[in-house]
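Undergrad: what follows is a predicted protein model with its sequence.
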Amino acid sequence: MDNQRKAEKTINILAVLVIIIAAVCSVVPLITKGTIPEETVTSTFGQTVTLYGKGLYARNSESSAVQAIAQDLVTLIVVIPGMIVSLILVYKKHVLGRYILTGLFGYMLYTYMSYAFLMFYNELFLLYVAAMTISFYGLVMNICILQKDEVVAKLEKEMKTKGLRVFLIISGIAIFFMWSGRIFQSLLKGEVPEGLDNCTTLVIQAMDLGIIVPACFVIAYLLKHKIRLGYILGPVIIVKAVTLITAVVTMGIFQIIAGVEANVAFLLVFGGIFVVSYIYLFLVLRQVVRISKK
Amino acid sequence: MNQYGESIRIWGSGIYSHDSFFKAPIHIGTDFTVLFVVVPLALYSFTKFRKEQSVERYIQNFGYISLLLYYSACLAFGVTYNRLHLVYILLFSTCLFSVNILLAFFYKKENEENRGVNSFFTKGMKVFLILSGFSLFVAWLPDIIPTLIKGSPLALIEVYTTEPTYVLDMGIVSPLMFITYYLCKKEKFIGYVLFRMILIVCLVIGIMLPVQTIFQILAGIELPIPALITKVFIFIILAAFAFYFDRKLRKIKVLG
């Protein structure tokens, strides 16, 4: 068996593993009902935080637990079936299979990295770490395989990227101002930033400002300068963005249903990106299919 | 009082004022090592790189930036929120993308120049990588397993949500050691590069841990001997081997 085939086989195994782990991690919070005696706690910064109080996320704040449950549902209903479909597409050697699979590995990496750092230590901790690790190495291996894909060489010559670049830059700027604005505001006022609740630090903000925002700009740069990696990461980040934004919007809806105060500006920014990202997903994937058939 | 109703002593002063009395000296010890060991070494390497853009220099820079990436990830995800949070994110992001750019550079070198490294991977190095990979589990799993059996929180969770060092060590670093083992065995150039990076990281960790321990002792924290053995001495021994292997590998000629 050559190296390429071996790597593809390994990726398939990694994908199956991450599907199983993600299924367990998404189902357990929905079925665990145990309660804790505390209803509120005082955070390190002296704020009173209302705890979710039941199930696996009992020790998380009500707001973060509701968001996590919404994300679990998206993982269970959208991402896991999506990964299974992409594996079938890869098996059938459809051009979109590898792109979608890579994007969904990206979603899993982001999700379980945030769970491993952000969720209060619970019985699934080792599974979060395992899902994060598998997704990370699955993502890297997929990118290495796409580097040698002949479709990517075709995309390099023919793909129109202006719209995608504009989308990436606007999304990057919007996320940057949304999170950094929140932190700067708290620094100027000398207050604890909104959303810290009873957590150690602002993990999502660190991931978005430290990874996602620069990634948007770097990919836009790579596409502008017609560098191959851009044609791999461009469609991949759109797949990842769509799944992640679906999760974020579902979180907002769940917060409103649960009567937890939701940030309107946050919902507007992500709601806007939600609609546009679905349009771009359709446009980019259609272009990939069209060019690959030439 | 922490989330679990336990009384926790807080450090109370400086940038780590909201961190626990146990963790803050560890952070200070890490900062001390980065400031007085990593930064001078990295600056020396970057200065040399301006004069001599050799593969060896690229590898050295890759090692130091990877180390700073680990350090900044611990700050951005593990230190209690403080005024430097945006600076932590900036450092993390810069290191992450620099590491990726360097990896892409090494990957390109391997593929385009058909670069390889012949028979450098000795038996000792194999044992070193395997032991290092397992040592991270040996160091952290004894803390985790009892909590899973008893359904209790981590013994040293204190005021923290979780323990980011466990995530980074067991989730990224340890698997990377096994992957590096595989790549080195296949005599891949990228495997050689990753191995050299691991040696640099192990070497500095071997310096960092005793410094952290000194800062903890100075703060008046009593450390049990078994914890010192699993969490400090193992890494000092690994650092000594890392130093030996790094010296040896500097003499190896990379084919290309």
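TA: Cool, the structure landed. Keep in mind it's a predicted model, so treat the numbers as computed, not measured. Numbering: from 1, shown residues only, chains lettered A, B, ... in the order given.

Undergrad: what about A:L73, distance to A:T250?
TA: To A:T250, A:L73 is 7 Å away according to Cβ to Cβ, to the nearest Å. All C-beta spots, glycine's among them, are computed from the backbone N, C-alpha and C.

Undergrad: pLDDT score assigned to the spatially closest residue to B:Y71 that is not a sequence neighbour?
TA: Distances taken as Cβ to Cβ, 6 or more residues apart in numbering or on different chains put B:V34 closest to B:Y71, at 5.7 Å, once the chain neighbours are dropped. At B:V34, the pLDDT value in this model is 97.

Undergrad: if we can go back for a sec, neighbour-wise, which of A:L73 and A:T250 wins?
TA: Legend: neighbour count by other Cβ atoms under 10 Å in any protein chain shown for A:L73 and A:T250, higher for A:T250 (20 against 17).

Undergrad: flag the shaky bits of the stretch 151-294 of chain A, pLDDT-wise.
TA: A:262 (pLDDT under 70).

Undergrad: get me the contact residues on it for chain B.
TA: When proximity is defined by Cβ under 8 Å from any Cβ of the partner chain, the stretch 151-294 of chain A lies next to chain B at A:180, A:183-184, A:187, A:192-193, A:196, A:198-203, A:205-206, A:209-211, A:214, A:218, A:229.

Undergrad: quick check, the residue nearest to B:Y71 in a helix?
TA: Yes. Assessed with DSSP: H, G, I helix; E, B strand; the rest coil, B:V34 lies in a helix.

Undergrad: how near is it to chain A?
TA: According to Cβ to the nearest Cβ, to the nearest Å, B:V34 and chain A sit 18 Å apart.

Undergrad: okay, the worst-scoring helix or strand of chain B on mean pLDDT in PDB with CA atoms only?
TA: The least trusted helix or strand in chain B, going by mean pLDDT, DSSP states H and E, turns out to be helix B:225-228, with a mean of 78. The C-alpha coordinates for helix B:225-228 follow below in PDB (Å, rounded to 0.1, in the frame of the first residue of the first chain):
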ATOM      1  CA  ILE B 225       8.100  13.800  47.400                       C
ATOM      2  CA  PRO B 226       6.000  11.500  45.000                       C
ATOM      3  CA  ALA B 227       4.700  14.600  43.200                       C
ATOM      4  CA  LEU B 228       8.300  15.900  42.900                       C
END
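
Undergrad: tell me the helix or strand right after that helix.
TA: Going down the chain from helix B:225-228, the next helix or strand is helix B:234-250, by DSSP states H and E.

Undergrad: next, the buried residues of that following helix.
TA: Going by neighbour count (16 or more other Cβ atoms under 10 Å in any protein chain shown), the buried part of helix B:234-250 is B:234-235, B:238-239, B:241-242, B:245-246, B:249.

Undergrad: residues touching that helix, excluding its own?
TA: For helix B:234-250, contacts defined as Cβ atoms under 8 Å, 6 or more residues apart in numbering or on different chains pick out B:56, B:120, B:124-125, B:128, B:131-132, B:135, B:138-139, B:192, B:195-196, B:198-200, B:202-207, B:209-210.
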